[in-house]
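Novice: fold the stuff below for me.
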Amino acid sequence: YVAIGQKRSSVAQIVKTLEEAGAMEYTIVVAATASDPAPLQFLAPYTGCTMGEYFRDNGMHALIVYDDLSKQAVAYRQMSLLLRRPPGREAFPGDVFYLHSRLLERAAKLNDKHGGGSLTALPIIETQASDVSAYIPTNVISITDGQIFLETELFYKGVRPAVNVGISVSRVGSAAQIKAMKQVSGSIKLELAQYREMAAFAQFGSDLDLATQKLLNRGSKLTELLKQDQYSPLKVEEQVVSIFSGVKGFLDDVELNQIKSFEKKLLSKIKSEAPDILNNIKSSGKIDESNEEKLKAFIADFKKGFQK
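Specialist: You can find the predicted model right below:
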């Protein structure tokens, strides 16, 4: 974990969380905080990357998080201007793209001949007023294999994680998903995008037709379903069951404030009473016809008991 230009208290908080989870046993924290000089903030990501490369080159798998590269770019701009280098767009030097490309392209998966290790980079970029078309964000977007765009407005509305589904894109796409996830999540992105678009118009219209009402209802339920508490990851087969219940319409007539409870109780019940459904999804990586029927019957049966 590379902290660049963060407050010391923020870094301490993250280290405390990692310690509590026992993760510091296999984690290195490189910190060039806001109180450190610009050259150290500029060098910190390269230092962290070199440490990550050691694990990659020795056949291990490492994940590196750069938090965040906007601060590194600002530190580099500060140094360049002091060195009297000609400023370009947003006063950044001309080689600011190279600053990030030479860092992020070092994250790679090696073939078996070279030990089969890997280094995965998660660069974090700060946007100003949600402007994703600024210089540094567009640079990093063009280097990475996709981006998750988090929006302040959604965060304050209580949608957490505050992912903007429209702007968030994966260029690896379904190649990184198991088949079961592809089966259930194929339509969810489109439905959510339509919902966001329709919700903006619906504020002005009072008499909405039935199809629009249905779309708004489904969209609000799916948005609620995708909310997740901090530090509470779900296994992929549990995610599949949750999303399946949403896209197949089981939540359409469940009250909005009951969705979280529905999901929690459903997963708890399926783990204790029908673990074979989860195991089947986990081992086969897909939802076959017989398992789909079982899952539908289980959710329908659970729903009857839940609504009583």
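
Novice: now stretch 220-236 - C-alpha only, CSV.
Specialist: The C-alpha coordinates for stretch 220-236 follow below in CSV (Å, rounded to 0.1, in the frame of the first residue of the first chain):
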residue,chain,number,x,y,z
SER,A,220,-34.5,1.4,-6.8
LYS,A,221,-34.5,-2.2,-5.5
LEU,A,222,-31.4,-3.1,-7.4
THR,A,223,-29.6,0.0,-6.2
GLU,A,224,-30.6,-0.9,-2.6
LEU,A,225,-29.5,-4.5,-3.1
LEU,A,226,-26.0,-3.4,-4.3
LYS,A,227,-25.3,-1.4,-1.1
GLN,A,228,-22.7,-3.0,1.0
ASP,A,229,-21.2,-2.2,4.5
GLN,A,230,-17.5,-1.4,4.8
TYR,A,231,-15.2,-4.4,5.3
SER,A,232,-17.9,-7.0,4.6
PRO,A,233,-16.9,-8.8,1.4
LEU,A,234,-19.1,-11.5,0.0
LYS,A,235,-18.0,-14.7,-1.7
VAL,A,236,-18.7,-14.8,-5.4
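
Novice: is V65 in a helix, a strand, or coil?
Specialist: Secondary structure state of V65, per DSSP: H, G, I helix; E, B strand; the rest coil, is strand.

Novice: not counting sequence-adjacent ones, nearest residue to it?
Specialist: Spatial nearest neighbour of V65, excluding adjacent residues (Cβ to Cβ, 6 or more residues apart in numbering): L122 at 4.7 Å. Yep, even glycine has a C-beta here, placed from its N, CA and C like the rest.

Novice: can you report how many residues lie near the one you found?
Specialist: 13 (other Cβ atoms under 10 Å).

Novice: quick one: whichever helix or strand it is part of to chain centroid distance?
Specialist: Secondary structure from DSSP states H and E places L122 in strand 118-124. How far strand 118-124 lies from its chain's middle: 13 Å, per Cα atoms, centre = their mean, to the nearest Å.
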